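Visitor: Please work out how this folds:
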Amino acid sequence: MGIKYWQFIPLLFEWSSDRDYDPCPLRDNYQLVRNILAACINNEVIDQRVMIVMAAIINAMLLAGERARSNSLTGSFMYISMTMRM
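Guide: Residues are numbered from 1 along each chain as shown. The predicted structure follows:
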């Protein structure tokens with residue numbers, strides 16, 4: 001079974017699968033994107049309810065990151081939240 005990240009990434013984020021990115025948007029966000037995909041995709045269908053919860057969690061983490069700038073994931077969460085499709 002192959003990993004189909006780029007089959008679903010364009011459905012969840014503002015990233016096109018038919019474009020070469022330099023740098024790749026997954027470079028610093030791979031695990032975070034992988035977790036979002038694992039939570040949102042069920043039997044190759046996007047669960048919109050999970051996506052809304054994930055967006056809320058990311059936004060909450062962003063707010064926490066604003067208070068604690070030392071969190072290295074803050075930039076990743078910011079990038080992910082700006083590119084998520086709702």
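Visitor: Name the residues of the top helix by length along the chain that come out as buried.
Guide: Using DSSP state H to assign secondary structure, the helix with the most residues in the chain is helix 48-67. Counting neighbours by 16 or more other CB atoms under 10 Å, one finds that the buried residues in helix 48-67 are 51, 54-55, 58, 61-62, 65. To be clear about C-beta, it is placed using only N, CA and C from the backbone, and glycine gets the same treatment.
Visitor: How far off centre is that helix?
Guide: Relative to the chain's own centre, helix 48-67 is displaced by 11 Å; criterion: CA atoms, centre = their mean, to the nearest Å.
Visitor: could you say what helices and strands that helix packs with?
Guide: With contacts defined as 3 or more CB pairs under 8 Å, 6 or more residues apart in numbering; DSSP states H and E, helix 48-67 has these neighbours: helix 30-40, helix 74-83.
Visitor: worst average pLDDT in the ones you listed?
Guide: In terms of average pLDDT, helix 74-83 trails the rest of these, at a mean of 58.
Visitor: residue nearest the centroid of the chain?
Guide: Residue closest to the average C-alpha location in the chain (CA atoms, centre = their mean): V33, at 4.0 Å.
Visitor: any idea how far that residue is from M51?
Guide: Using CB to CB, to the nearest Å, one gets 13 Å for the distance from V33 to M51.
Visitor: need the contact list for the residue nearest to the centre of the chain.
Guide: Taking CB atoms under 8 Å, 6 or more residues apart in numbering, we find V33 in contact with 5, 9, 13, 25-26, 80.
Visitor: now stretch 19-36, how far from the chain's geometric center?
Guide: 8 Å.
Visitor: buried stuff in that stretch?
Guide: Judged by neighbour count (16+ other CB under 10 Å), stretch 19-36 contains these buried residues: 25-26, 29, 32-33, 36.
Visitor: Without its sequence neighbours, what residue ends up closest to N42?
Guide: Of all residues not flanking N42 in the chain, V50 sits nearest, at 7.9 Å (CB to CB, 6 or more residues apart in numbering).
Visitor: quick one: contacts for that neighbour?
Guide: For V50, counting by CB under 8 Å, 6+ apart, the contacting residues are 39-40, 42.
Visitor: Need the buried ones from those residues selected in ChimeraX.
Guide: In ChimeraX, this line selects whichever of these come out buried by 16+ other CB under 10 Å:
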select :40
